[in-house]
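Engineer: Sequence and predicted structure are below.
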There are 2 protein chains.
Amino acid sequence: MRADAKKNYDRLLATAREAIAEHGADASLRDIARRANVGLGTLYRHFPTREALLEALLRANLDELTRQAERLETSDAPDVALTSWFRAGLAFTRTYGGVVSLMAAALEDPDSALHKSCTDVRSAGARLLQRAQAKGLARADIDGTDLFALMGALAWVGDQPAFSRRVDHLAEIIANALLER
Amino acid sequence: MRADAKKNYDRLLATAREAIAEHGADASLRDIARRANVGLGTLYRHFPTREALLEALLRANLDELTRQAERLETSDAPDVALTSWFRAGLAFTRTYGGVVSLMAAALEDPDSALHKSCTDVRSAGARLLQRAQAKGLARADIDGTDLFALMGALAWVGDQPAFSRRVDHLAEIIANALLER
DNA sequence: ACCTGAACACCGTTCAAGT
DNA sequence: ACCTGAACACCGTTCAAGT
């Protein structure tokens, strides 16, 4: 990448990080380009879709979430590992509002720039879940997609001002429900 | 209301019902006016906000949900009544996609046209919950807002194509979690 | 009393023209 | 190779002008 292109890329990403932290995943792309002092076409050149921009923004966090699952798999007790990871996933969610809807859509769309990161996270969670299920420490009637769905559901709760105060409490209830039976 | 105004009002509501069933709560208001063969200003005259339009659309359903809670309170066993109503609320949700986010926002905004309907539903649920809690049939650490939040969370799950197949199953798990302890 | 649609200020996306 | 911004097709919202 040419030096000037790299500079624009970096500035766009930094600006997008601010804008999306402030306005959520549906922040105005036009506004991001404007605040980055870059032409609108330049934004589209570097990030052809909103998903591509979010992928660049979230890749580090999502990879870390996947790696954390792998670490927990060899360290903690299966049930503790599962609920710890569940909470970590939810915590990630809180950095950018409204991001889980895009992630849910990306699971279904192989062409989405977010597809691989999201299916990786789902697989990582599924393995933690299966490990707990194998020891009889988690309920047997759920899978990795259910785990992802419940994390997304709680993220939605956290995104609503009317409910965000209660999200930790509700997360605990649901995390416990994963271990029942 | 003048006869011609009433006609426009009814046509707008019927068209909105179709459009919102098809495209969800953020359907284009312009498109609704267009499809109803009515000027855009006429839509705004009858429904000054999107919430006002949804209020007109949902009032009957939300009132019915509130009344259903009252009926269940005098008929069924407290725990059965609670979970039945929880499922009924979720079923209502499925008629129009994306409607729960507006409802959650309306809880926090006393000026929203949806405010009263939503707080009424919350109160109705809270009473069913308290009745079950008084008999030790529901967990004691949740309130009516939590109940609303969990319904909304499951509605969100139902709105995501990646998860909608699992929403009934996840609803059962969460409904059971309400009764624990 | 009610209706209309132009006007304004925003979007997302594309693409011809420039360096 | 990369950048720019006008152009296009959409929004939501308001309001002067009409009947």
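Structural biologist: In hand now; what should we look at?
Engineer: Share the number of residues neighbouring A:Pro48, please.
Structural biologist: 11 (other C-beta atoms under 10 Å in any protein chain shown). C-betas here are computed from N, CA, C, even on glycine.
Engineer: Please read the previous query as pertaining to A:His115.
Structural biologist: 18.
Engineer: Tell me which helix or strand the residue of chain A found nearest DNA strand C sits in.
Structural biologist: Residue nearest to DNA strand C within chain A (C-beta to the nearest atom of the strand): A:Gly41, separated by 3.1 Å. For A:Gly41, the element it lies in under DSSP states H and E is helix A:40-46.
Engineer: Check which residues of that helix are buried.
Structural biologist: For helix A:40-46, a neighbour-count test (16 or more other C-beta atoms under 10 Å in any protein chain shown) marks A:42-43, A:46 as buried.
Engineer: how near is A:Phe47 to DNA strand D?
Structural biologist: In this structure, A:Phe47 and DNA strand D are 11 Å apart, going by C-beta to the nearest atom of the strand, to the nearest Å.
Engineer: That residue contacts A:Ala56, correct?
Structural biologist: Yes. Contact criterion C-beta atoms under 8 Å: A:Phe47 and A:Ala56 qualify, at 6.7 Å.
Engineer: When the two are compared, which one has more neighbours?
Structural biologist: Between A:Phe47 and A:Ala56, counting by other C-beta under 10 Å, A:Phe47 is the more crowded of the two (22 against 17).
Engineer: In contact with that one, which residues?
Structural biologist: Contacts for A:Phe47 (C-beta atoms under 8 Å, 6 or more residues apart in numbering or on different chains) come out as A:12, A:53, A:56.
Engineer: Give me the phi and psi for it.
Structural biologist: phi -130, psi 90 (degrees, to the nearest 10).
Engineer: does the longest helix seen in chain A come close to DNA strand C?
Structural biologist: Scanning chain A for the helix with the most residues, using DSSP state H, yields helix A:50-75. Yes. Contact of helix A:50-75 with DNA strand C (C-beta under 7 Å from any atom of the strand) involves A:Arg50.
Engineer: What helices and strands are in contact with that helix?
Structural biologist: helix A:3-23, helix A:78-93, helix A:99-108, helix A:115-134 (3 or more C-beta pairs under 8 Å, 6 or more residues apart in numbering or on different chains; DSSP states H and E).
Engineer: what angle do that helix and helix A:99-108 make?
Structural biologist: Per axes from the mean of the first three to the mean of the last three C-alpha atoms, to 10 degrees, the angle that helix A:50-75 makes with helix A:99-108 is 90 degrees.
Engineer: in helix A:50-75, what's buried?
Structural biologist: Buried-residue list, helix A:50-75, by 16+ other C-beta under 10 Å: A:50-51, A:53-58, A:61-62, A:65-66, A:68-69, A:72-73.
Engineer: again, but for stretch A:165-181
Structural biologist: A:166-167, A:170-171, A:173-175, A:177-178.
Engineer: Let me have these in CSV, extended by secondary structure.
Structural biologist: Listed next are the buried residues of stretch A:165-181 as CSV, based on DSSP: H, G, I helix; E, B strand; the rest coil:
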residue, secondary structure
A:Arg166, helix
A:Val167, helix
A:Leu170, helix
A:Ala171, helix
A:Ile173, helix
A:Ile174, helix
A:Ala175, helix
A:Ala177, helix
A:Leu178, helix
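Engineer: ok, of these, which one's closest to chain B?
Structural biologist: A:Ala177 (4.1 Å; C-beta to the nearest C-beta).
Engineer: Quick check: closest non-adjacent residue to the closest one.
Structural biologist: Nearest residue to A:Ala177, sequence neighbours excluded (C-beta to C-beta, 6 or more residues apart in numbering or on different chains): B:Ala177, at 4.1 Å.
Engineer: ok, the one you found touching A:Ile174?
Structural biologist: Yes. The criterion here is C-beta under 8 Å, and B:Ala177 meets it with A:Ile174 at 6.9 Å.
Engineer: got a list of what A:Leu13 touches?
Structural biologist: A:53, A:56-57.
Engineer: Just the pLDDT at the closest residue to DNA strand D within chain A, thanks.
Structural biologist: Going by C-beta to the nearest atom of the strand, DNA strand D is nearest to A:Gly41 of chain A, at 2.1 Å. At A:Gly41, the pLDDT value in this model is 98.
Engineer: re the thing from before, I'd like the contacts of A:Leu13 written out as JSON lines, with distance to A:Arg139 added.
Structural biologist: Output for the contacts of A:Leu13, formatted as JSON lines (distance: C-beta to C-beta, whole Å):
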{"residue": "A:Leu53", "distance to A:Arg139": "37"}
{"residue": "A:Ala56", "distance to A:Arg139": "37"}
{"residue": "A:Leu57", "distance to A:Arg139": "34"}
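Engineer: Mind putting those residues into CSV with distance to A:Ala77 and pLDDT?
Structural biologist: Below are the contacts of A:Leu13 laid out as CSV (distance: C-beta to C-beta, whole Å; pLDDT from 0 to 100):
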residue, distance to A:Ala77, pLDDT
A:Leu53, 39, 98
A:Ala56, 36, 98
A:Leu57, 34, 97
